[in-house]
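Visitor: my questions concern the predicted model and sequence given below.
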Amino acid sequence: MRSIRHRPGVVILRSELTSLGGRSQLTRVLCELVASRHLVRVGHGIYAKTRINRFTGTLMPAAPFETIAVEALRKLGISVEPGRLAAEYNANLTTQIPMLPIVSTGRRRINRRIEVGRKRLLYERSETRSRKVTKR
């Protein structure tokens, strides 16, 4: 717990903790920390720290879902940008606030599931393929 508490950021990758013990021992400890609600499982090998909500007194993730998702992808070495709808909102092209957390992965295809509770990260690929036009 001390090692996890002193790590910067909210997201903890399982691969960051391999120096603490064997695979089965690490799996057992992470499962116990999730059961005791010190951590929340975000995805395969991805965990997030929790904190006590000052209004309800219950444990919740230590950061908003969007922050957790972006930090997890950054730690995994996956570069993402805001989705098309969020980019339009940020550029003041629309007043519609996007409700779904969608990120653009460029031309890269990603199948990794990142979710906390009922919120799930969605991916969109940009179709910036250059097509050759042939004359007949």
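Guide: Structure's in. What do you need?
Visitor: Arg7: what secondary structure?
Guide: coil (DSSP: H, G, I helix; E, B strand; the rest coil).
Visitor: any figure for the gap between the nearest residue to Asn90 once chain neighbours are set aside and Pro101?
Guide: Once flanking residues are discounted, Asn90 sits nearest to Pro82: 6.5 Å by CB to CB, 6 or more residues apart in numbering. For the C-beta atoms, the positions are set from N, CA and C on the backbone; glycine is no exception. For Pro82, the distance to Pro101 equals 10 Å [CB to CB, to the nearest Å].
Visitor: so, low pLDDT: which residues of the chain?
Guide: Along the chain, the model assigns pLDDT under 70 to residues 127-136.
Visitor: all the helices of it, residue numbers only.
Guide: For the chain, the helices defined by DSSP state H cover 2-5, 23-35, 65-75, 84-90.
Visitor: Leu17 contacts Thr27, correct?
Guide: No. Contact criterion CB atoms under 8 Å: Leu17 and Thr27 do not qualify, at 10.4 Å.
Visitor: settle it for me: which of those two has more neighbours?
Guide: Neighbours of Leu17 and Thr27, each counted by other CB atoms under 10 Å, are more numerous for Leu17; the result is 17 against 12.
Visitor: which residue comes closest to that one once chain neighbours are left out?
Guide: Closest to Leu17 by CB to CB, 6+ apart is Leu26, at 5.9 Å.
Visitor: which residues sit in contact with that neighbour?
Guide: Residues near Leu26 by CB atoms under 8 Å, 6 or more residues apart in numbering: 14, 17-18, 20.
Visitor: which stretches of the protein form strands?
Guide: Here the chain has its strands, by DSSP state E, at 11-13, 39-43, 46-52, 59-61, 81-82, 102-104, 115-116, 119-120, 122-124.
Visitor: picking up where we left off before, out of the helices of the chain, which comes closest to Glu115?
Guide: In terms of CB to CB, the element of the helices of the chain nearest to Glu115 is helix 65-75, at 8.5 Å.
Visitor: Tyr47: neighbour count?
Guide: 24.
Visitor: wait, it sits on Arg41?
Guide: Yes. Here Tyr47 reaches Arg41: they are 5.8 Å apart, a contact under CB under 8 Å.
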